[in-house]
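**Student:** could you work out the structure for the sequence below:
(chains A and B)
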2 protein chains.
Amino acid sequence: MKVLIIGGGGFVGSKLARVLAGRGELRGAPIARLTLADLQAPAAIDAPFKVDCVAVDITDAAATRALIGAGYDVIYHLAAIVSGQAEAEFDLGMQVNLFGSLNVFEAARALGTAPVVVYTSSIAVYGGETPDPIEDWSHQNPQTSYGAQKAAGELFLSDYSRKGFIDGRGLRLPTISIRPGKPNKAASSFMSSIFREPLQGRSAVCPVDPEYAHWFLSPRRCVENLVIAAELPAEAWGLNRCLALPGRTYRIGEMVEAMRRVAGDAAADRIEWRPDAEIKKIVLGWKAEFNPLKALSLGFVRDDSFEDNVRFFLADDIVT
Amino acid sequence: MKVLIIGGGGFVGSKLARVLAGRGELRGAPIARLTLADLQAPAAIDAPFKVDCVAVDITDAAATRALIGAGYDVIYHLAAIVSGQAEAEFDLGMQVNLFGSLNVFEAARALGTAPVVVYTSSIAVYGGETPDPIEDWSHQNPQTSYGAQKAAGELFLSDYSRKGFIDGRGLRLPTISIRPGKPNKAASSFMSSIFREPLQGRSAVCPVDPEYAHWFLSPRRCVENLVIAAELPAEAWGLNRCLALPGRTYRIGEMVEAMRRVAGDAAADRIEWRPDAEIKKIVLGWKAEFNPLKALSLGFVRDDSFEDNVRFFLADDIVT
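**Tutor:** You can find the predicted model right below:
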């Protein structure tokens, strides 16, 4: 079992790598080799199998083909230009999120072995004139360039799978919170930073009102779902290889109260509420109510409450 | 008012050109120039304005940019590799239907004037695990490569419009019947030929059962809708620039009876019923029941019954 994680230097990719190291196997076979690829070669991890760390730019078709051409059974394609940046740098978003993804799918197709390709899409594919809640058959109506690019990637993941070129599995990730690390250019970045920073004694700015509701999943459950996605039999997916992952709808104010219950008043009091019109414009176009029946029926998992998200962050991400 | 029709040599494009010639104006302004572009330069038409006929391959980004760079107010992008051929020649379908469409959108964006771009998509974007009827918010779940490519084009037409690069309007065409001319490589080709050929004294093969139901629109109403699409104000479209056109659901058997009522028994008796598994596999993946509320509310039109389709064909397409 040879596994490749493109975007292996990101926080989801590196958590996934550590989980695979802990498991030692995937799809019932021992992992012989794990390759972590990203724009900069990711840091190595301890694992009971060989780990390679390489730099690749997926907008370079030849480099992508050379990387994947080494042969993999499971390819995780997690690399993307995030929402805020794809909106500000339209052409870069198209190059990486659309053409880069097609380079990955084409290189996987060229193997001739129809490898498993797990692709992370996003709830940013939803928006606009769509009745709530989002059902498994709700249309992709993105209101950002990131969402449009991710939705197009989904279409081709499914079509390449239908053609037998790859064995694709696409997951529309809820907003992941509490995300470790530093703020990034995702418009949703604050949905982690207003917890992550206060939990470590620092202040943070919340650019939306406490009533703002959104759809969330913890990093721990996200990575569990990435493993489930690879392990499900191909026939379980049906006539569409992409689905919305389970999550939970929380209002920002509820989440702050959950943090208060787990970690006390001091953390909650470090949030400064300062509305930002630009961020609100993007995030108010996203959907908050989902009915992910297909994913739940396939065994994908979610948190019980936002207190889980706070506890998982403290357990998994705070180096003490 | 300068108008470009890419795919101007096809049957829809050439009918549209003749309708524009008859109108002499579009969007309230007299047409000064019409350019018909296709892989081979289309035949000239009589018109009260200048008509240029040029050859272009939209997979050639530079040629597409040179064509569009002359400057147009309204660009019709009707060119495509049809469903059966896109399924058989996957890479060609991707080159023309995805990358070619992106070349058109990019060249239109490069004008800097946000021209109107009318894009013909298809009900082939629907299929699979979607409840009937198809609503305006039903997901794009294509079961053909053609459908996936068209659906991706829709996503970018909407996103380029949201960004202000173009003023896009996308129409998901029902199956057009009765289509004049020769059979083509569309899996739906028989849905015209079983009427077109018998109405002209020739036999034709029907590869599906009389009970097969599908969603139809006549060429005449299709072209009227292409004009409406260009003329609607941008703000009428809302948060998604693509919609399913109105049509009618008919069973093949009903359509044959409608032909019998309009044109007599002789034509209907020229149909040979011979099921074809390959064609059934494709067309049974398409949806037949639609509820196109958005299009109807915007004033898009449909036929009253399939007798209309037969009469329009006899009036518009039979040269006597």
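
**Student:** can you give me phi and psi for the residue in the stretch 51-200 of chain A positioned nearest to chain B?
**Tutor:** Closest contact between the stretch 51-200 of chain A and chain B, by Cβ to the nearest Cβ, is at A:Gly128 (3.3 Å). C-betas here are computed from N, CA, C, even on glycine. Per-residue torsions, A:Gly128: phi 70, psi -140 (degrees, to the nearest 10).

**Student:** which residues touch it?
**Tutor:** A:141-143, A:285, B:238-240 (Cβ atoms under 8 Å, 6 or more residues apart in numbering or on different chains).

**Student:** what do you get if the cut-off is 6 Å, keeping everything else the same?
**Tutor:** A:141, A:143, B:239-240 (Cβ atoms under 6 Å, 6 or more residues apart in numbering or on different chains).

**Student:** equivalent analysis for A:Ser122, please.
**Tutor:** Applying Cβ under 6 Å, 6+ apart, the residues contacting A:Ser122 are A:150, A:172-173.

**Student:** how about TSV for these, with neighbour count, secondary structure and distance to A:Pro133 added?
**Tutor:** Formatted as TSV, those follow (neighbours: other Cβ atoms under 10 Å in any protein chain shown; DSSP: H, G, I helix; E, B strand; the rest coil; distance: Cβ to Cβ, whole Å):
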residue	neighbour count	secondary structure	distance to A:Pro133
A:Lys150	31	helix	20
A:Arg172	27	strand	14
A:Leu173	21	strand	17
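
**Student:** how about A:Trp215, secondary structure?
**Tutor:** Under DSSP: H, G, I helix; E, B strand; the rest coil, A:Trp215 falls in the strand class.

**Student:** count of neighbours near the residue nearest to the residue of the stretch 51-200 of chain A closest to chain B when sequence neighbours are not counted?
**Tutor:** In this structure, A:Gly128 finds its nearest non-sequential neighbour in B:Leu239, 3.3 Å apart by Cβ to Cβ, 6 or more residues apart in numbering or on different chains. Using other Cβ atoms under 10 Å in any protein chain shown, B:Leu239 has 14 other residues around it.

**Student:** which residues sit against stretch A:247-260?
**Tutor:** Contacts for stretch A:247-260 (Cβ under 6 Å, 6+ apart): A:174, A:195, A:210-213, A:215-217, A:267-268, A:288-289, A:302-303, A:306-307, A:310.

**Student:** ok, the residue nearest to A:Gly128 touching A:Glu129?
**Tutor:** Yes. Between B:Leu239 and A:Glu129 there is a contact at 5.2 Å, judged by Cβ atoms under 6 Å.

**Student:** how about A:Ile178, phi and psi?
**Tutor:** According to degrees, to the nearest 10, A:Ile178 has phi -100, psi 120.

**Student:** can you pull the pLDDT of it?
**Tutor:** On the pLDDT scale, A:Ile178 is placed at 97.

**Student:** where's the nearest residue to it once chain neighbours are set aside, which helix or strand?
**Tutor:** Nearest residue to A:Ile178, sequence neighbours excluded (Cβ to Cβ, 6+ apart): A:Phe313, at 4.0 Å. Per DSSP states H and E, A:Phe313 falls inside helix A:306-317.

**Student:** summarise which helices and strands that helix is packed against.
**Tutor:** If contacts are counted by 3 or more Cβ pairs under 6 Å, 6 or more residues apart in numbering or on different chains; DSSP states H and E, helix A:306-317 sits against helix A:252-263.

**Student:** show residues contacting the helix or strand that the helix it packs on is followed by.
**Tutor:** Where DSSP H and E defines the elements, the next helix or strand beyond helix A:252-263 is helix A:265-268. Residues outside helix A:265-268 that contact it (Cβ under 6 Å, 6+ apart): A:198-199, A:256, A:259-260.

**Student:** A:Leu232: neighbouring residues, count only.
**Tutor:** 16.

**Student:** same for the lowest-mean-pLDDT helix or strand in chain A, what does it pack against?
**Tutor:** Every helix and strand in chain A was compared by mean pLDDT, DSSP states H and E; the lowest is helix A:277-283, with a mean of 87. Secondary-structure packing of helix A:277-283 (3+ Cβ pairs under 6 Å, 6+ apart): no helix or strand packs against it.

**Student:** tell me the first helix or strand C-terminal of it.
**Tutor:** Assignment by DSSP H and E places the next element after helix A:277-283 at helix A:293-297.

**Student:** which residues does that next one contact?
**Tutor:** Contacts for helix A:293-297 (Cβ under 6 Å, 6+ apart): A:136, A:243, A:245-246.

**Student:** name the nearest of these relative to chain B.
**Tutor:** Closest to chain B, out of all of the contacts of helix A:293-297 and judged by Cβ to the nearest Cβ, is A:Asp136, at 7.1 Å.

**Student:** tell me the pLDDT of that closest one.
**Tutor:** pLDDT, A:Asp136: 97.

**Student:** for burial, what's the neighbour tally of the residue lying closest to it once chain neighbours are set aside?
**Tutor:** Closest residue to A:Asp136 apart from its sequence neighbours, by Cβ to Cβ, 6+ apart: A:Lys294 at 4.6 Å. For A:Lys294, the count of nearby residues is 20 (other Cβ under 10 Å).

**Student:** quick one: A:Lys294 and B:Thr175, what's the gap?
**Tutor:** 29 Å (Cβ to Cβ, to the nearest Å).

**Student:** A:Val310 touches A:Arg261, doesn't it?
**Tutor:** No. Between A:Val310 and A:Arg261 there is no contact under Cβ under 6 Å: 8.3 Å.

**Student:** list just the nearest of the contacts of helix A:265-268 to B:Lys50.
**Tutor:** Distances from B:Lys50 to the contacts of helix A:265-268, taken as Cβ to Cβ, are shortest for A:Val256 (65.8 Å).

**Student:** just the pLDDT for whichever residue of the stretch 151-300 of chain A sits closest to chain B.
**Tutor:** For the stretch 151-300 of chain A, the residue closest to chain B is A:Leu239, as judged by Cβ to the nearest Cβ, at 3.3 Å. Note on A:Leu239: pLDDT of 92.

**Student:** check the one 5 residues further on too.
**Tutor:** Among the per-residue scores, A:Ala244 shows a pLDDT of 98.

**Student:** repeat for A:Thr320
**Tutor:** 60.

**Student:** can you give the domain ranges for chain A?
**Tutor:** A:2-177+A:217-246, A:190-213+A:249-289+A:303-317 (automatic domain parsing).

**Student:** out of those, nearest to B:Asp46?
**Tutor:** Across the domains of chain A (criterion: Cβ to Cβ), the nearest stretch is domain A:2-177+A:217-246, sitting at 41.0 Å.

**Student:** show me the helices in chain A, by range?
**Tutor:** All helices of chain A, identified by DSSP state H, fall at A:11-23, A:61-68, A:83-88, A:90-93, A:101-111, A:145-162, A:190-196, A:219-231, A:252-263, A:265-268, A:277-283, A:293-297, A:306-317.

**Student:** for the longest one, packing partners?
**Tutor:** In other words, helix A:145-162. Going by 3+ Cβ pairs under 6 Å, 6+ apart, helix A:145-162 lies up against helix A:83-88, helix A:90-93, helix A:101-111, strand A:116-122, strand A:167-173, helix B:145-162.

**Student:** burial count for the closest residue to A:Val283 other than its chain neighbours?
**Tutor:** The shortest distance from A:Val283 to any non-neighbouring residue, by Cβ to Cβ, 6+ apart, is to A:Ala187 (5.6 Å). By other Cβ under 10 Å, 26 other residues sit near A:Ala187.

**Student:** tell me who's in contact with A:Ala187.
**Tutor:** A:83-84, A:279, A:282-283.
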